[in-house]
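Visitor: have a look at this fold, sequence not included:
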């Protein structure tokens, strides 16, 4: 079983990737800025999440500490941030 970290798991791409990796039986941990129903559904399936606003250095620092303590050995990290506006 692999450990996968997805930054911006609440984006459409992040959600799709989380579902893909979970479907393969891997542990998924992700960061989010915006909580939504799909994110809550992933959490009920065992995905661990942590708030992180990539526009806020302190938020990123706290997320890095959380990930370092809770997922010290990971197999893949995926960056999936997106914007709602062009």
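Guide: That came through fine. No experiment lies behind these values; they were computed from the predicted model shown. Residues are numbered from 1 along each chain as shown.

Visitor: can you tell me the closest non-neighbouring residue to residue 48?
Guide: Excluding the flanking residues, the one nearest residue 48 by Cβ to Cβ, 6 or more residues apart in numbering is residue 29, at 4.7 Å. For the C-beta atoms, the positions are set from N, CA and C on the backbone; glycine is no exception.

Visitor: ok so the one you found is a strand residue?
Guide: Yes - using DSSP: H, G, I helix; E, B strand; the rest coil, the secondary structure at residue 29 is a strand.

Visitor: isn't it right up against residue 70?
Guide: Yes - Residue 29 is within contact range of residue 70, at 6.9 Å (criterion: Cβ atoms under 8 Å).

Visitor: need the residues touching each of these two.
Guide: Residues touching both residue 29 and residue 70 (Cβ atoms under 8 Å, 6 or more residues apart in numbering) are residue 48.

Visitor: okay, now residue 61: neighbour count?
Guide: When neighbours are counted by other Cβ atoms under 10 Å, residue 61 registers 11.

Visitor: quick one: it and residue 17, what's the gap?
Guide: With the distance defined as Cβ to Cβ, to the nearest Å, residue 61 ends up 24 Å from residue 17.

Visitor: what does residue 30 give?
Guide: According to Cβ to Cβ, residue 30 stands 9 Å off from residue 17.

Visitor: shared neighbours, these two?
Guide: Counting by Cβ under 8 Å, 6+ apart, the residues touching both residue 30 and residue 17 are 6, 9.

Visitor: higher neighbour count, these two?
Guide: Taking neighbours as other Cβ under 10 Å, residue 30 and residue 17 compare with residue 30 leading, 28 against 20.
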